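Student: Predicted model and sequence below, questions to follow.
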Amino acid sequence: MRLILVAQLLFFVTNAYSANYFNEAVTNYENKNYLNAIKYLEKEIVFNPKSSDSYILLGKSHENLDNELTAIKYYDIAFTLVPHNTELNFLLGKISYNLGLMDEYVEYISNLEILCSGECDVLNNLKALAN
């Protein structure tokens, strides 16, 4: 019984720290403190390795620091978790376009054409990069 209580306590404490890391990362990101956001997000993914939101925010933070190759790495990890995320397809398409990876850029346009129903701002914005 004692072992179960200790395990539950550890579970709750771990989840509390994890939520706090992500919230701190978001706050730092919103304040344009990308290096601190990255530090908190790296801690967050230790506790929650399947958090696509953490990987997306890691990618955005690195992209804002002009670390495009690192950003695309984190976007790719998030893509394996949520390939249907329209924002992520846009971000991957945008960074692919900026890096001159035209085959990938076209692939993300195709993904968004499938994912979006009707008028879709992210699709239109991604297509506008080439104009």
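Tutor: Received the coordinates, thanks.
Student: what's the closest non-adjacent residue to the residue sitting nearest the centre point of the chain?
Tutor: In the chain, the residue lying closest to the centroid (CA atoms, centre = their mean) is I56, at 0.6 Å. Sequence neighbours aside, A78 is the residue nearest to I56 in space, at 4.8 Å (criterion: CB to CB, 6 or more residues apart in numbering). Yep, even glycine has a C-beta here, placed from its N, CA and C like the rest.
Student: Check the burial of L65 by counting its neighbours.
Tutor: Close neighbours of L65, defined as other CB atoms under 10 Å, add up to 14.
Student: scratch that, I72
Tutor: With neighbours defined by other CB under 10 Å, the count for I72 comes to 22.
Student: Show the contacting residues for the closest residue to it other than its chain neighbours.
Tutor: Once flanking residues are discounted, I72 sits nearest to I95: 5.3 Å by CB to CB, 6+ apart. Counting by CB atoms under 8 Å, 6 or more residues apart in numbering, I95 makes contact with E63, E68, A71, I72, Y75.
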